[in-house]
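[1] Build me a model:
(2 chains)
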Amino acid sequence: MKWTRAVLPPVIVGVLAIVAWELTVSLGRIAPFILPAPSAIWKELVAQRQNVWEAALASGTNALIGLIAGAALGILVAMAASRFKPLTEVSIPFAAVLNALPIIALAPILNNMFESTSSIPRRLVTAIIVFFPVFVNTLRGLREVNPIHQELMRTYAASGWTFSVKVRLPGALPYVFTGLRQASSLAVIAAVVAEYFGGLQTGLGSRITSAAAFTAYPRAWAFVIGACLLGLVFYLTTLLLERLAMPWRTRLIA
Amino acid sequence: MSAVVVDKVTKTFNRGRTDEVTALSEVDLTVADGELVSLIGPSGCGKSTLLRLIADLIQPSTGTVTVAGQSAGQARKEQAYGIAFQQAGLFEWRTVLRNVELPLELRGLSKRERKARAEEMLTLVGLEDFAGHYPAQLSGGMQQRVAIARALAVQPPLLLMDEPFGALDEMTRERLQSELLGICTQTGTSTVFVTHSISEAVFLSNRVVVMSARPGRITASITVDLPSRDDAGRQSPAFFEKITEVRQALRGTPAAAPPPRASEGAAAGTDAR
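    Predicted structure coming up:
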């Protein structure tokens, strides 16, 4: 009962929106290159399902590798920065610069640095984009230690290392996952958009550009839906990991 | 040997700056083995500061603190005391059992020993059925009991408590007071208990140490000898007499000019024990 009440409203709204979209397109005689009807997109999605799946796999691999690399780096740098105060002051402006960098503008430059068949530039773009939210959130978590915990560990005569492992890190976990949740969606967006600037033609982004170039708009939309689903998979997987990593949290999104 | 000896301790914060504060001035305090001493006084009288000095969380500006015959710093390193604060301060990512295990873990006890000892402590505070729960699933009173179990886990000869029941409702408070008394009698632990509740101080203590503010100093030391420490004890005339005595001591000593014999009396009264 509770479950249906939670699920039903968004489903109804979604179905109504699609119906309205279909009606607007067919009754309003909107040209397919402006906005294809959902039925046409669906037909393409079914017809191209093998291609969408393979393209999603290619983009997903890039996004995953970039996400892992960027997140690992973000967490490590945050740990180092929280351990040595001067490093914090140096690293925060650098991270801010990195974040302000129009990374999409960097993608074509990175593309030229590697061979045209290389996936590395895309993974690099993803990693750079992922770094900032993970770094900032983790650093905040690491620096916010309950003063009572600090005093308690002092009365236990705990070493700096023990304190980090037993108090600082577990205490920072909720913050780390806030960063990872943001990063997981960003990773997919970055991996897909980085493909717009040439290179290998295997991923969702290159499929979308080539379909659009051939004026095959419903097909382009089919791949867009693929990208959307891929992003959702990443996000939900992160939520699941969060749940598994923090069994003491009673609410999923707090 | 005395559990705690505080000898002519002065504590000044921000020394040499414009916002210099003398939190404690020339304080002498001795806690005998197995004795439960309450520190009571208005806020800002330095009672928490005194407790932190004993715990070696801060260092005295002048004077010395001795815990169980050694320096406070050495005592801390050997976990010669357990401590509990007003907030339970449990680690929310650890189950109740693992919270109690933490001080034992840092002492290097084996997993089996840790578990056995922690379970024993949880039974002592009546929470053996909640070992697998997380702190967020417990009420405030239960969390505080876990914190006490944790403080007792290393079976320290000395227990330091900084208003541990301050955030609890009256009923939970009275129940925990009785539990604490039972535990201290059972284990023979010496206790220094900071509180701002007169009735709590009188009910729990062998001795109530009254402090005054600016600068923080001990103004009276009142020995309490109740016929019994249970609900009957709470109703006894002796209980109310002592409450009145503590109240008068709190009111009667002007902070500006404390009678000099009072602080000496505190030390002398201790030595008599």
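[2] which SS class is residue A:158?
    The three-state label for residue A:158, taken from DSSP: H, G, I helix; E, B strand; the rest coil, comes out as coil.
[3] If I look at it, what pLDDT would I see?
    Residue A:158 is assigned 83 on the pLDDT scale.
[4] Contacts only, for it.
    Contacts here follow CB atoms under 8 Å, 6 or more residues apart in numbering or on different chains; on that basis residue A:158 touches A:166, B:106. Placement of C-beta: from N, CA and C, glycine included.
[5] gap between it and residue A:168?
    For residue A:158, the distance to residue A:168 equals 11 Å [CB to CB, to the nearest Å].
[6] And the contacts of stretch A:139-150?
    A:78-79, A:81-82, A:88, A:92, A:163, A:167-169, A:171-176, B:85, B:87, B:89, B:91.
[7] now with 6 Å?
    Outside of stretch A:139-150, the residues within contact range by CB atoms under 6 Å, 6 or more residues apart in numbering or on different chains are A:78, A:81, A:82, A:167, A:168, A:172, A:175, B:85, B:87, B:89.
[8] helix/strand/coil for the third one?
    Same thing as residue A:82. Counting by three-state DSSP, the backbone at residue A:82 sits in helix.
[9] Next, count neighbours for the residue lying closest to it once chain neighbours are set aside.
    Closest residue in space to residue A:82, ignoring its immediate chain neighbours: residue A:142 at 3.8 Å, by CB to CB, 6 or more residues apart in numbering or on different chains. Look at residue A:142: counted by other CB atoms under 10 Å in any protein chain shown, it has 22 neighbours.
[10] Doesn't residue A:142 belong to a strand?
    No. Read with three-state DSSP, residue A:142 is helix and lies in no strand.
[11] circling back to that earlier point, now flag whichever of the contacts of stretch A:139-150 is closest to residue B:108.
    Nearest to residue B:108 out of these is residue A:167 (CB to CB; 17.8 Å).
[12] Shouldn't that closest one be within a helix?
    Yes. With three-state DSSP as the criterion, residue A:167 is part of a helix.
[13] mind checking pLDDT for it?
    What the model reports for residue A:167 is a pLDDT of 89.
[14] which residues sit in contact with it?
    For residue A:167, the contacting residues are A:149, A:153, by CB under 6 Å, 6+ apart.
[15] list the residues that contact both of residue A:158 and residue A:168?
    Counting by CB under 6 Å, 6+ apart, residue A:158 and residue A:168 have no contacts in common.
[16] which residues of the chain score low on pLDDT?
    Unless you meant another one, I'm taking chain A. Across chain A, residues meeting the criterion (pLDDT under 70) sit at A:1-2, A:250-254.
[17] Oops, wrong one, chain B.
    Applying pLDDT under 70 to chain B flags the ranges B:253-273.
[18] Find the nearest non-adjacent residue to residue B:41, please.
    Counting by CB to CB, 6+ apart, the nearest residue to residue B:41 once its immediate chain neighbours are dropped is residue B:211, at 3.4 Å.
[19] thought residue B:45 was touching residue B:216?
    Yes. Checked against CB atoms under 6 Å, the pair residue B:45 and residue B:216 is within contact range at 4.8 Å.
[20] would a markdown table of the contacts of stretch A:139-150 with distance to residue B:119 be doable?
    As requested, the contacts of stretch A:139-150 are exported to a markdown table (distance: CB to CB, whole Å):
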| residue | distance to residue B:119 |
| --- | --- |
| A:78 | 37 |
| A:81 | 40 |
| A:82 | 35 |
| A:167 | 23 |
| A:168 | 28 |
| A:172 | 30 |
| A:175 | 33 |
| B:85 | 24 |
| B:87 | 24 |
| B:89 | 21 |
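[21] Quick check: the residue in the stretch 51-200 of chain B positioned nearest to chain A vs residue B:186, distance?
    Ranked by CB to the nearest CB, the top residue of the stretch 51-200 of chain B for proximity to chain A is residue B:89, at 3.4 Å. Distance check for residue B:89 against residue B:186: by CB to CB, it reads 24 Å.
[22] Can you pick out the residue with more neighbours from the two?
    Set side by side, residue B:89 and residue B:186 give different neighbour counts by other CB under 10 Å, the larger being at residue B:89 (21 against 9).
[23] Just say helix, strand or coil for the more buried one.
    Secondary structure assignment for residue B:89 (three-state DSSP): coil.
[24] Who's the closest spatial neighbour of it, skipping the chain neighbours?
    By the measure of CB to CB, 6+ apart, the closest residue to residue B:89 outside its immediate chain neighbours is residue A:148, 3.4 Å from it.
[25] Check which element follows the helix or strand harbouring that neighbour along the chain.
    Element membership of residue A:148 [criterion: DSSP states H and E] is helix A:147-155. Toward the C-terminal end, the helix or strand that comes next after helix A:147-155 (DSSP H and E) is helix A:160-163.
[26] near chain B, anything from that following helix?
    No. Judged by CB under 6 Å from any CB of the partner chain, helix A:160-163 stays clear of chain B, getting no closer than 6.6 Å.
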